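>>> 3D model of this:
(one chain, ligands or ions: 1)
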Amino acid sequence: MAVVRDRRQLNLRLPLPEPSERCSRFPPPLPPSAAVAAAASATISSADLEKLQVLGHGNGGTVYKVRHKQTSAIYALKVVHGDSDPAVRRQILREVSILRRTDSPHVIKCHGVFDLPGGDIAFCMQYMDMGTLESLLKNGVVFTETLLAKICHQVLSGLEYLHSHKIIHRDLKPSNILVNQKMEIKISDFGVSKIMQRTLDPCNSYVGTCAYMSPERFDPDSHGSNYDGYAGDIWSLGLTLLELYVGHFPYLAPGQRPDWATLMCAICFGEPPSLPEGTSENFRSFVECCLQKDSSKRWSATQLLAHPFLTSVDLQSL
Ligand SMILES: Nc1ncnc2c1ncn2[C@@H]1O[C@H](COP(=O)(O)OP(=O)(O)OP(=O)(O)O)[C@@H](O)[C@H]1O
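Predicted coordinates for the structure are as follows:
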């Protein structure tokens, strides 16, 4: 519990710079896959884009709905302001670096990166017309078990892809999962993600949103070489599912404001939260497989994709 003891000022986000990101303005491109190369060759420039409306504000930046003047295609443009905190600018470079490596139907696609006047940086993404799972929850959408299974299957497919490419998201939560009218799900917001260089790389940076962090993220030293980081994303997925089902963050009563030190103690020392009575055995078991406090007992994305909670649902229906 070194982290709990040492940090009196508990912020939601504590991004740590990584040395590799101090050098170049944009990371050199990796050999792109066919789809990524095709997207890049579509050469969208910032002058081609017309701002339609603000979609939301994030950490240091604003996301706009934009229209491509020639094709009328709609995109989301994330703009990080030139005068924003250097740590925030590093986050966007990290996000761009990861999005340029990824090519999965369940990870948001990046169509271009621009330098704007005044030192702003922007990148153009696929537009998701229903916003985030958090906004759906706030708008009163009821997440049934069947709907959650379909959402979860897509998030896990995205996570399986990321983990197989040694990418850990580290900030999975309802507000970082985007959705469209077709109920297609895309993982977004890779500002605090990490690319593991080697399988046994330590992954102990204290970044992301505290509330969704796994117990071992608060106290990585006590987990030694068993701590691989990937399991932290699975814990966050378990909490996300629970939150969507019960309608509030599972460690807090509805409307209760978090006291971060108490919350961290509950995560590290308390029993993991579980589903209320009346839910199916498969759903309960699935959430338990995600919310094992011992990260070595937590199921991987690949294992969870074969869990009966997902395999017993007709994924085409709805
Ligand atoms: N590709 C997209 N399509 C549609 N809406 C989007 C898209 N990306 C982001 N948004 C909207 O913009 C909002 C802000 O997104 P952004 O990623 O900047 O911040 P955040 O994840 O909400 O916060 P933070 O960056 O602090 O974690 C989101 O909550 C969402 O409503």
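
>>> make it CA atoms for all contacts and neighbour counts henceforth
Noted.

>>> give me the beta-bridge partners of the residue lying closest to residue 61 once chain neighbours are set aside?
The shortest distance from residue 61 to any non-neighbouring residue, by C-alpha to C-alpha, 6 or more residues apart in numbering, is to residue 80 (4.2 Å). Beta-bridge partners for residue 80, by DSSP bridges, are residue 61, residue 121.

>>> Count the neighbours of residue 80 for me.
25 (other C-alpha atoms under 10 Å).

>>> again with residue 59
If you count neighbours by other C-alpha under 10 Å, residue 59 ends up with 14.

>>> What pLDDT does the model give the residue lying closest to it once chain neighbours are set aside?
Counting by C-alpha to C-alpha, 6+ apart, residue 88 is the residue found nearest to residue 59 once chain neighbours are left out, at 7.1 Å. pLDDT recorded at residue 88 is 77.

>>> buried residues in the regular element (helix or strand) spanning residue 88?
Assigned by DSSP states H and E, residue 88 belongs to helix 86-99. Neighbour-count burial for helix 86-99, counted by 16 or more other C-alpha atoms under 10 Å, picks out 88-99.

>>> Quick check: the residue lying closest to residue 130 once chain neighbours are set aside vs residue 153, distance?
Closest residue to residue 130 apart from its sequence neighbours, by C-alpha to C-alpha, 6+ apart: residue 180 at 4.7 Å. Separation of residue 180 from residue 153 (C-alpha to C-alpha, to the nearest Å): 15 Å.

>>> So for those two, which sits in the more crowded spot?
Applying other C-alpha under 10 Å to residue 180 and residue 153 shows that residue 153 carries more neighbours, namely 23 against 15.

>>> For whichever strand or helix holds the more buried one, give me every contacting residue.
Using DSSP H and E, residue 153 sits within helix 145-164. For helix 145-164, the surrounding residues in contact (C-alpha atoms under 8 Å, 6 or more residues apart in numbering) are 102, 104-107, 168-169, 183-187, 230, 233, 241, 245, 283, 301-302, 304-305, 309-310, 313, 315, 318.

>>> How far off centre is the very next helix or strand once past it?
Following helix 145-164 in sequence order, the next helix or strand is strand 167-168 (DSSP H and E). The chain centre lies 10 Å from the centre of strand 167-168; the measure is C-alpha atoms, centre = their mean, to the nearest Å.

>>> now stretch 130-137
14 Å.

>>> ok, now stretch 278-289?
A distance of 23 Å separates the centroid of the chain from that of stretch 278-289, by C-alpha atoms, centre = their mean.

>>> Residues contacting it, please?
145, 238, 241-242, 274-275, 297-299, 304, 307-309.

>>> Any regions of the chain where pLDDT drops low?
1-43, 60, 84, 196-208, 221-227, 317-318 (pLDDT under 70).

>>> One more pass at 50, please.
1-41, 198-207 (pLDDT under 50).

>>> Enumerate the residues of it near the ligand.
Contact residues (C-alpha under 6 Å from any ligand atom) of the chain with the ligand: 55-59, 61-63, 76, 125-129, 131-132, 175-176, 189.

>>> In strands only, show me those residues.
55-58, 61-63, 76, 125-126 (DSSP state E).
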